[in-house]
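Novice: Prediction below, plus the sequence it came from.
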Amino acid sequence: MEKELHEQYEYARRRIKQKKRLYYHFVLFVLGSLLLFVAHKFLDSTVVTDWYLWIITIWLFLFILHFIKIFITDRFMNKDWEREQIDRLVTLQKKKMEQLQTQITNDELKQ
């Protein structure tokens with residue numbers, strides 16, 4: 001029981017740490033985007049392209065990937081999911097082993 005409680009605590013601690021990093025990433029993204037926008041306006045570069053929009057777009061794409069990892073992928077594929085998959089595969093292997101064992105014994109009886 002204590003082991004399960006400790007695992008739950010560790011899982012909760014990891015999730016909070018992941019969410020904290022995501023929020024930090026979001027704040028950094030907003031401040032960085034503002035800084036890039038202001039730098040573009042004040043530098044008044046002779047280049048006509050909006051280079052800062054490309055940087056912000058790439059950064060936004062990375063943030064969206066981070067968000068998907070935290071709130072979609074990690075939410076459904078957590079330790080419980082992993083444990084269920086392992087248990088399912090182990091039972092399948094046991095079932096196959098039993099089938100092979102019965103097949104071997106049947107073959108031995110026939111001979």
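Specialist: Right, received. Where do you want to start? Numbers count the residues shown, from 1 in each chain.

Novice: Tell me which residues are up against the helix or strand bottoming out on mean pLDDT in the chain.
Specialist: For the chain, counting by mean pLDDT, DSSP states H and E, helix 74-76 ranks last in confidence among helices and strands (a mean of 76). Defining contact as CB atoms under 8 Å, 6 or more residues apart in numbering, one finds that helix 74-76 is touched by Arg15, Gln18. All C-beta spots, glycine's among them, are computed from the backbone N, C-alpha and C.

Novice: so what pLDDT did Tyr11 get?
Specialist: At Tyr11, the model reports a pLDDT of 83.

Novice: for Gln111, same thing?
Specialist: For Gln111, the predicted pLDDT is 69.

Novice: cool, Asp44 as well?
Specialist: Checking the pLDDT column for Asp44, the value is 68.

Novice: do the same with the one 3 residues further on
Specialist: For Val47, the pLDDT comes out at 63.

Novice: how about stretch 70-78: buried residues?
Specialist: Residues Ile70 are the ones in stretch 70-78 that count as buried (16 or more other CB atoms under 10 Å).

Novice: Tell me how far that stretch lies from the chain's centre.
Specialist: Chain-centre distance of stretch 70-78: 6 Å, with CA atoms, centre = their mean, to the nearest Å.

Novice: Just the CA atoms of that stretch, as PDB, please.
Specialist: Listed in PDB are the C-alpha atoms of stretch 70-78, where the atom choice follows Å, rounded to 0.1, in the frame of the first residue of the first chain:
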ATOM      1  CA  ILE A  70       1.900  17.300 -21.600                       C
ATOM      2  CA  PHE A  71      -1.900  17.400 -21.900                       C
ATOM      3  CA  ILE A  72      -2.700  14.700 -24.400                       C
ATOM      4  CA  THR A  73       0.100  12.200 -24.800                       C
ATOM      5  CA  ASP A  74       1.300  12.000 -21.200                       C
ATOM      6  CA  ARG A  75      -2.200  12.100 -19.800                       C
ATOM      7  CA  PHE A  76      -3.300   8.900 -21.600                       C
ATOM      8  CA  MET A  77       0.000   7.100 -21.800                       C
ATOM      9  CA  ASN A  78       0.900   7.300 -18.100                       C
END
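
Novice: Fine, thanks again, bye for now.
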